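S.K.: Predicted coordinates and the sequence they were generated for:
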Amino acid sequence: MPTPPIHVVGGGLAGSEAAWQLAERGHDVLLHEMRGVRGTAAHKTDRLAELVCSNTFKSTETSNAHGLLKAEMRVLGSVVLESADAARVPGGSALTVDRDVFSSGVHDRVTSHPRVTVVREEVVALPSPGIIATGPLTSDALAEAVRERLGMSSLAFYDAIAPIVARDSIDDAIVFRASRYGKETMDGAGDDGAYLNCPFTREQYESFIDALTEADQHHGHEFDEVPYFEGCMPAEEMAKRGRETLRFGPMKPVGLRDPRTGHEAYAILQLRQEDRAGRMWNLVGFQTRLRIPEQQRVFRLIPGLENAEFLRYGSIHRNSYINSPASLTPHLSLRDDPATLFAGQLTGVEGYTESTATGLVAGVNLSRILNGKPPVIPPPTTMLGALYRYLREADPAHFQPMNANFGLVDDLPSRVKDKRIKREKLAERALADMAAWWDDVR
Ligand SMILES: Cc1cc2nc3c(=O)[nH]c(=O)nc-3n(C[C@H](O)[C@H](O)[C@H](O)COP(=O)(O)OP(=O)(O)OC[C@H]3O[C@@H](n4cnc5c(N)ncnc54)[C@H](O)[C@@H]3O)c2cc1C
């Protein structure tokens with residue numbers, strides 16, 4: 001009996017990869033892409049896998065988190081990555097591409113696959129079996145359908161991301177652990193409280209405010225202008241509204257006694273734990289539009305963060321994304337239908353490579369499910385598996401999109417002090433584990 005076709009919604013990076021993986025596994029795929037009949041605010045062509053902004057897939061070095069993720073995807077066989085390799089232009093150690101050659105490459109390969117049919121239409125309902133990979137600019141009607149199915153608070157339309165720094169780059173001689181009035185506690189944090197606190201003297205606060213208000217901001221596309229509402233106001237915007245605004249807002253020092261001085265500091269910036277293992281710490285209330293070099297310069301003025309290693313930078317974008325830990329299964333499907341999966345930026349990953357990678361795994365998993373096998377996720381020693389773990393286990397109350405970074409990955413069994421050597425060892429283990437996993441599940 002012929003099997004019904006599978007619907008992949010969204011012919012972007014994730015959807016193109018997912019459709020290819022399914023087709024290569026013998027499934028007939030209807031790939032629904034609305035561009036051609038309805039545009040988005042950022043895409044300019046109707047080709048599959050258009051890059052909406054920069055033309056780089058970032059580093060190729062495996063000691064870099066993005067480089068490692070790509071190396072893992074090469075083990076799995078990614079059509080998007082192969083097309084990126086074929087479109088490469090000089091970019092040092094980064095995989096930089098000619099965007100037209102790249103998207104034409106993906107477009108031609110996917111559309112000429114005998115098992116893929118591209119349908120130009122806006123999908124407005126959730127398919128089963130199917131994969132929804134409609135990205136950060138998911139059309140309103142489909143976003144509404146997702147919200148109806150998952151709950152109103154399950155889908156955000158903007159992200160307002162604060163930077164995240166690595167725990168082992170925070171100076172413990174300055175930062176102290178405490179909870180405001182002894183009330184901010186968390187499982188596993190002990191009596192000392194859940195937050196790390198960076199104490200400012202008056203002079204430090206004044207210089208910080210000067211730097212923050214004078215720093216260079218990123219000006220996004222017009223459609224990307226976010227209406228600032230409570231909880232998403234950029235820190236630099238707050239600082240511009242008045243020199244004391246932050247000190248009476250996210251930087252208020254009340255109820256936090258610095259054990260070294262025995263007093264309240266003039267201002268405090270709090271860091272909140274982002275992951276279970278406590279390797280990633282978020283600058284509370286510091287969502288920002290500062291340019292990346294400015295974030296490095298300004299946020300390293302924070303006492304205790306002078307040598308901060310940024311695992312992700314702050315940003316504020318228009319971005320539709322699902323609160324995956326609150327709403328989806330570990331393989332990113334509906335909880336009441338394992339054959340309706342989500343992939344790409346919509347799931348709360350961030351970036352070209354990350355989006356593509358979840359498309360690949362979604363294709364593999366839907367094929368397995370249709371063949372009566374359980375879905376699979378790479379181990380958390382790999383960058384891709386660690387991203388999936390984040391989507392599964394992050395705190396739903398503070399869930400924010402995430403890019404590949406080493407803070408997500410399981411630590412090595414023994415401590416390695418040298419950062420470069422540590423990353424090389426992590427990468428070596430990740431690639432070996434990915435190869436073994438793939439041999440098992442492919
Ligand atoms: C303006 C902007 C700039 C970005 N810049 C970068 C960057 O420089 N580097 C980086 O790594 N990441 C960037 N990102 C983040 C992200 O990596 C990209 O958006 C990436 O394209 C996401 O891949 P995706 O497959 O999830 O979504 P997309 O590539 O956007 O693909 C989704 C597709 O679904 C289609 N679609 C939407 N709704 C429907 C519907 N109802 N029915 C049918 N089709 C539909 C869209 O037309 C689109 O083709 C940017 C995001 C935005 C919005």
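M.R.: Received, thanks.
S.K.: Check the spacing between the nearest residue to residue 406 once chain neighbours are set aside and residue 395 real quick.
M.R.: Take residue 406 and drop its neighbours on the chain: the residue closest to it by Cβ to Cβ, 6 or more residues apart in numbering is residue 65, 5.4 Å away. All C-beta spots, glycine's among them, are computed from the backbone N, C-alpha and C. Taking Cβ to Cβ, to the nearest Å as the measure, residue 65 and residue 395 are separated by 21 Å.
S.K.: More neighbours: which of those two?
M.R.: Here residue 65 and residue 395 are set side by side on neighbour count (other Cβ atoms under 10 Å), and the busier one is residue 65, at 28 against 15.
S.K.: right, and that one touches residue 405 too?
M.R.: Yes - applying Cβ atoms under 8 Å as the test, residue 65 and residue 405 come out as touching, 4.7 Å apart.
S.K.: shared neighbours of these two, which are they?
M.R.: Taking Cβ atoms under 8 Å, 6 or more residues apart in numbering as the contact rule, residue 65 and residue 405 touch no residue in common.
S.K.: so, in contact with the ligand or not, the helix or strand harbouring residue 110?
M.R.: Using DSSP states H and E, the element containing residue 110 is helix 99-111. No - among the residues of helix 99-111, none lie within reach of the ligand under Cβ under 6 Å from any ligand atom; the closest is 9.9 Å away.
S.K.: got the contact list for residue 198?
M.R.: Residue 198 neighbours (Cβ under 8 Å, 6+ apart): 174-175, 268-271, 302-305.
S.K.: is it true that it lies in a helix?
M.R.: No - assessed by DSSP: H, G, I helix; E, B strand; the rest coil, residue 198 does not belong to a helix; its assignment is strand.
S.K.: Now for the contacts of residue 198: which two are most distant?
M.R.: Maximum pairwise distance among the contacts of residue 198 (Cβ to Cβ): 13.7 Å, between 174 and 270.
S.K.: Those two: who's more crowded?
M.R.: Neighbour comparison, residue 174 and residue 270: the larger count goes to residue 270, with 25 against 16 (by other Cβ under 10 Å).
S.K.: I figured that one hits residue 196, correct?
M.R.: Yes - Residue 270 sits in contact with residue 196 when judged by Cβ under 8 Å, with a separation of 7.1 Å.
S.K.: Show me whatever sits in contact with both of these two.
M.R.: When contacts are counted by Cβ under 8 Å, 6+ apart, residue 270 and residue 196 have no shared neighbour.
S.K.: Return the residues in contact with the residue of the chain found nearest the ligand.
M.R.: Nearest to the ligand in the chain, going by Cβ to the nearest ligand atom, is residue 12, at a distance of 1.7 Å. Listed by Cβ under 8 Å, 6+ apart, the contact set of residue 12 reads 48-50, 133-135, 344, 355.
S.K.: can you map out the helices along the protein?
M.R.: With helices called from DSSP state H, the chain shows them at 13-24, 65-76, 79-86, 99-111, 140-150, 202-214, 235-241, 292-299, 324-327, 352-370, 383-393, 419-441.
S.K.: Most tightly packed of the ones you listed?
M.R.: Among those, ranked by average contacts under mean count of other Cβ atoms under 10 Å, first place goes to helix 13-24 (a mean of 30).
S.K.: and that one, what does it pack onto?
M.R.: Identification of packing neighbours for helix 13-24 by 3 or more Cβ pairs under 8 Å, 6 or more residues apart in numbering; DSSP states H and E yields strand 6-9, strand 29-33, helix 79-86, helix 99-111, strand 116-120, strand 130-132, helix 352-370.
S.K.: what's the closest of these to residue 139?
M.R.: In terms of Cβ to Cβ, the element of the helices and strands packed on helix 13-24 nearest to residue 139 is strand 6-9, at 9.9 Å.
S.K.: and that closest one, which strands flank it?
M.R.: According to DSSP bridges, strand 6-9 forms sheet pairs with strand 29-33 (parallel), strand 130-132 (parallel).
S.K.: Let me see the mean pLDDT of it.
M.R.: Per-residue pLDDT values over strand 6-9 give a mean of 98.
S.K.: what's the distance between the helix holding residue 110 and the middle of its chain?
M.R.: Its chain's C-alpha centre lies 25 Å from the corresponding centre of helix 99-111 when counted by Cα atoms, centre = their mean, to the nearest Å.
S.K.: helices or strands up against that helix?
M.R.: Using 3+ Cβ pairs under 8 Å, 6+ apart: helix 99-111 touches helix 13-24, helix 79-86, strand 116-120.
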